[in-house]
Every structure is written in structure tokens, then in C-alpha cells.
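>>> Predicted model and sequence below, questions to follow.
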Amino acid sequence: MAKILVLHGPNLNLLGKREPKIYGSNSLQDVNDRLKEQCAAAGHELDALQSNSEGALIDRVQEARTDGTAFMVVNFGGFTHTSIALRDAMLAAEIPCIEVHLSNLHKREAFRHHSFFADIAIGSIVGLGAQGYELALRAAFERLPGQDLS
């Protein structure tokens, strides 16, 4: 059994209510419930945190270094394009991650085209809505320590 941490950044608590044409109609609770079911079915444990506070996300990433977290799935929302401090915390954690974005950042404003996390993540999933989280978890399961990728 592995522990997987899902981190949701600012404004993701408004999923289903905020700009549903861009972000979809699923609530964050809906997303987390599906991810917990997916993890449980694969024999793994899921911990999820949403915060609008950069400091709270940094604190949780630092905690992950020592709490047995084996993998992270992250959607840092607006911090994706601004937070060097959160990037530094991710590098210090030395835990593999996959970056997820509900919308296709490359079809949006130019300032959203750059991610401070894309180059340190195993991969990025953008533009597939809430399904992106589920795909990221499937990919994470295959990359957990002890898995054979051949």
C-alpha cells in the first residue's frame, strides 16, 4: 500500500460553481471522492488537501517528506505560474509528482502558458477536466516504487 497526496491550489474549492464552462461541473468533493475510490480499489491510500494559502501548501509538501507519501498529484492553480517558493518545497521533498490542470493552459492567456512545475514533474495533464486527476493517479500507480514499467 502506498500513500498518495493530492494537492489542490487556490480557488479549486469553487469547482462546480466557478466558471463551469472552463472548469467543469464537478465539485472538489466529487473529484476527491472519485480519487479516494480509485486509490482504495488499487490498494492505496489517498490524502487530499485544498488550500488558498501558499504557505499551507508549502507546509503540507514539507510534511510529505517524512509522512510516508510515495507520490503526489498536484494542481497548484494560479500558483503554477507564480510560486518559486512552492517549487523549491517540491524540489526539497524529492517525491515524484504529476501536474494536473483542468483547463488547457495553452489555449488561455499567455501568462498561464508557463508552469514552474512542469520541468520537475514526471508529466503534466492539461485540458481534460476532472478526468485528468484520474489519469494522473493511474500513471502514479505504475510509477510507485517496486512497479515494473517494462
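It's in.
>>> residues touching the residue positioned nearest the centre of the chain, list them.
Centroid check for the chain by Cα atoms, centre = their mean gives V74 as the closest residue, at 1.8 Å. Neighbouring residues of V74 by Cβ atoms under 8 Å, 6 or more residues apart in numbering: 6-7, 9, 90, 97-100, 117, 121. The C-beta positions use only the backbone N, C-alpha and C, and glycine is treated the same way.
>>> cool, and E99?
74-76, 80, 115, 117-118, 121, 123-125.
>>> Can you report phi and psi for the residue nearest to H114 when sequence neighbours are not counted?
Of all residues not flanking H114 in the chain, H81 sits nearest, at 5.9 Å (Cβ to Cβ, 6 or more residues apart in numbering). Main-chain torsions, H81, degrees, to the nearest 10: phi -100, psi 0.
>>> go on, N13?
The phi/psi pair for N13 (degrees, to the nearest 10) reads phi -70, psi -10.
>>> That one and L49 touch, don't they?
No: if you go by Cβ atoms under 8 Å, N13 and L49 don't touch, sitting 10.9 Å apart.
>>> Report the buried residues of stretch 85-103.
Neighbour counts over stretch 85-103 (16 or more other Cβ atoms under 10 Å) mark 86-87, 89-90, 93, 97-103 as buried.
>>> Double-check that I98 belongs to a strand.
Yes: looking at I98 with DSSP: H, G, I helix; E, B strand; the rest coil, it is inside a strand.
>>> which residues touch it?
Contacts of I98 by Cβ under 8 Å, 6+ apart are 71-74, 121-125, 136, 139-140.
>>> and it, bridged to which residues?
For I98, the beta-bridge partners are V73, G123 (DSSP bridges).
>>> what's the spacing between it and S25?
When distance is defined by Cβ to Cβ, to the nearest Å, I98 is 23 Å away from S25.
>>> before we move on, what about I58?
Separation of I58 from S25 (Cβ to Cβ) stands at 30 Å.
>>> And those two? Which one has more around it.
I58 (21 against 12; other Cβ atoms under 10 Å).
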